[in-house]
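Novice: Next comes the sequence, and after it the predicted model I'd like to discuss.
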Amino acid sequence: MNEQQIIRFVGALPEAVVEVASESTGAPRVAWGDTFFFYNPAGVVPQGELPFATIVTKDYPDYDTASRLDRPGVFRLNISVGRALFQELTGYPPAAHADRQAGFDYTAFDRVLPHPVYATQGWVCVLNPGEATAKQVESLVTEAHARAARRYRAASRS
């Protein structure tokens with residue numbers, strides 16, 4: 001799966017909103033070119049809401065460099081899967097990630113891994129999803145979208 005295939009897949013989910021960060025979106029320069037996926041029935045990027053998935057195309061200096069996204073053609077799909085699914089995927093709860101972080105190669109392609117920075121919040125990632133992870137990626141993104149929709153509806157009722 002390349003970036004455009006992922007963007008088309010996620011963008012086709014009901015009430016998904018896709019935003020590519022740029023100067024015109026008000027995003028910080030370091031995020032320009034990265035893609036953020038939100039759930040919002042109004043079709044606009046919700047203010048103050050976290051995305052349910054992202055595509056990151058470069059390292060964020062002094063913050064997020066473990067995946068070495070500075071290599072040509074490398075991107076990382078990040079997915080908010082929540083605590084229960086994170087534990088199902090990794091065999092341990094997100095809160096235990098700090099003790100296991102050193103055991104992962106965050107530069108490996110086409111593998112579902114805990115996110116190098118946001119694993120403790122229930123995020124996983126895949127560098128350049130391919131044949132080994134494509135179906136799983138579609139499933140994880142679809143579930144992340146459904147979780148975002150449930151959170152939106154619950155917040156709307158409050």
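Specialist: Structure's in. What do you need?
Novice: in stretch 22-33, what counts as buried?
Specialist: Judged by neighbour count (16 or more other C-beta atoms under 10 Å), stretch 22-33 contains these buried residues: 27, 31, 33. Every C-beta, even on glycine, is put in place using the N, C-alpha and C of the backbone.
Novice: now Glu88, what's its secondary structure?
Specialist: Secondary structure of Glu88, reduced to three states by DSSP: H, G, I helix; E, B strand; the rest coil: helix.
Novice: What's the separation between it and Leu140?
Specialist: 11 Å (C-beta to C-beta, to the nearest Å).
Novice: Looking at those two, which is more packed in?
Specialist: Just comparing Glu88 and Leu140: by other C-beta atoms under 10 Å the higher neighbour count belongs to Leu140, 22 against 10.
Novice: so which strand or helix has that one?
Specialist: helix 134-157 (DSSP states H and E).
Novice: picking up where we left off before, export the buried residues of stretch 22-33 as CSV, with columns for secondary structure, pLDDT and distance to Leu77.
Specialist: Formatted as CSV, the buried residues of stretch 22-33 follow (DSSP: H, G, I helix; E, B strand; the rest coil; pLDDT from 0 to 100; distance: C-beta to C-beta, whole Å):
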residue, secondary structure, pLDDT, distance to Leu77
Ala27, coil, 92, 18
Ala31, helix, 94, 15
Gly33, coil, 96, 14
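Novice: Could I get the contacting residues of Ala149?
Specialist: 14-15, 39 (C-beta atoms under 8 Å, 6 or more residues apart in numbering).
Novice: now with 7 Å?
Specialist: 15, 39 (C-beta atoms under 7 Å, 6 or more residues apart in numbering).
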